[in-house]
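**Q** could you work out the structure for the sequence below:
(2 chains)
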Amino acid sequence: MTTPEFLSAIAHLPLSRALAKSDHLVTAALQVVHVIGFLLLLASLTLISLRLLGLVLVRQPVPQVAADTSRLLWIGVILAISTGILMFLTGPSHYYFNRAFDIKMVLLFAALVIHVTVLQRIARRDEPPATLARVCAVLSLVLWYGVSWAGRAIGFV
Amino acid sequence: MSTLAAFADALEESSVGSAIAGSRYLFPILEGAHLIGLALAVGLIFLTDLRLLGVILRRVPLEDLLRQLRPYVFTGIVVVFITGGLLVWAEASSVLFAPTFPIKMVLVVLGGLNALYFEFVTARSPAVRADPAVLPRGARAAGWISLCVWTLVIICGRLIAYVPHWPGTD
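**A** Okay, here's the model as predicted:
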C-alpha cells in the first residue's frame, strides 16, 4: 500500500467521514480541548523544569514537585494527543503533507522520549545531578514549546 | 458600526497592520508567541488555582508559590498583550466583528479583577496567611472563578476564527 492509498484509507474510515462532514464547531471544539491540553502540559512542564533549574520552589524536594505536576502533565498529553488524532482524521493528507506538521511530530517524538527516559527518572531523585538536570530541563522546554509553536504554524503553511 | 468598520480598516491599512498581514512568517510567529505567552500566563495561573482548590502542590506554602511564579506569569501576560495587540492590528476588520472577541475582552477584565481582589484582599487576610491545609472559602472561590474565566477566555479566543458574525446576521 502506498502512502497516498494509506492516507485515503484513513480518510474513508467511518469516524473520519463523520468528522469531515460534521459542523465546523465540532472542529472548533476539538481545537479548544487541544489547546487546553497543551496549556496544562506546558504549565506543568514549565514548573518542573524551573524547579530542576533551581529557579522556583527550591525549598520543596524535586520528587514532590514532580509528583504533583506529573499527573496534570499526562492529563494534558492525553487530551492533546486524543484530540490531535481526531483532528488528523478530518483531513489526513492535509496534515501529512504539511511541513509544520512533520516538524511538530518529530519534536513531539523527541520530547516524549526525553521526558520518559531522562526527565522523569531525574525527577524521582532527591538530589538529581545538577548539570544533567539543567540540560534536561532546558531541552524539554525547547522541545515542548517547539511542538506547540510548530502546531500553531500548521494552519499557515 | 460604520465608525468601528472605518477604524478597523484604518488599522489594517496602517503600515504596521499591513506589514504583519503581508508577511509570510510574521503572522504565524506572532500566533505561536501568543500561545506560548498563554501557556506561561494562563497555564501557571491554572496551577495556582489548583493549589487554591487543594488539588496539587498542597505542601507548598501558598505565599511561596504566588511570589515565585509571579515573574513568569507577568512575562506571559506581557507577551500575550503585545502579540495579541499586533494580531488585532493586522486583522482588525475580522477580529473586531467576531462576537467572541468582545466577550473575550470582558472576560479578561473579569479575570484580572478577580486576580487583583485575590492578591490585595483575600491573600492578605490572616486566615489565608496562616496557610491552613484547606484554604478558606474566599480563596477557593477565587480559584474556581479564575479556572472558569480563563478557560472561557481560551474558548472565546479560539472561536474568533470559527464564528465570524453574530448568529442571525451576515
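**Q** drop to CA atoms for contacts and neighbour counts, all remaining ones
**A** Will do.
**Q** who in chain B is up against chain A?
**A** Contact residues of chain B with respect to chain A, defined by CA under 8 Å from any CA of the partner chain, are listed as B:28-29, B:31-33, B:35-36, B:38-40, B:42-44, B:46-47, B:56-57, B:60, B:64-65, B:68-69, B:151, B:154-155, B:158-159, B:162.
**Q** which of those fall within helices?
**A** Judged by DSSP state H, the residues of chain B next to chain A include B:28-29, B:31-33, B:35-36, B:38, B:44, B:46-47, B:64-65, B:68-69, B:151, B:154-155, B:158-159 as members of helices.
**Q** how much space separates B:A161 from A:L73?
**A** Going from B:A161 to A:L73 by CA to CA, to the nearest Å gives 28 Å.
**Q** that should have said B:W89, apologies.
**A** Per CA to CA, B:W89 is found 34 Å from A:L73.
**Q** which of the ones in helices among the residues of chain B next to chain A count as buried?
**A** Among those, those classed as buried by 16 or more other CA atoms under 10 Å in any protein chain shown are B:28-29, B:31-33, B:35-36, B:38, B:44, B:46-47, B:65, B:69, B:151, B:154-155, B:158-159.
**Q** what sits against residue 127?
**A** As the question left the chain open, I've gone with chain A. By CA atoms under 8 Å, 6 or more residues apart in numbering or on different chains, the residues touching A:E127 are A:V62.
**Q** my question was about chain B, not that one.
**A** B:L135, B:P136.
**Q** so which bits of chain A are right by chain B?
**A** Proximity of chain A to chain B (CA under 8 Å from any CA) is limited to residues A:24-25, A:28, A:31-32, A:35-36, A:38-40, A:42-44, A:46-47, A:56-57, A:60, A:65, A:68-69, A:145, A:148-150, A:152-153, A:156.
**Q** so which of these are in helices?
**A** A:24-25, A:28, A:31-32, A:35-36, A:38-40, A:42-44, A:46-47, A:65, A:68-69, A:145, A:148-150, A:152-153.
**Q** which among these count as buried?
**A** Among those, the ones that count as buried by 16+ other CA under 10 Å are A:28, A:31-32, A:35-36, A:38-40, A:42-44, A:46-47, A:65, A:68-69, A:145, A:148-150, A:152-153.
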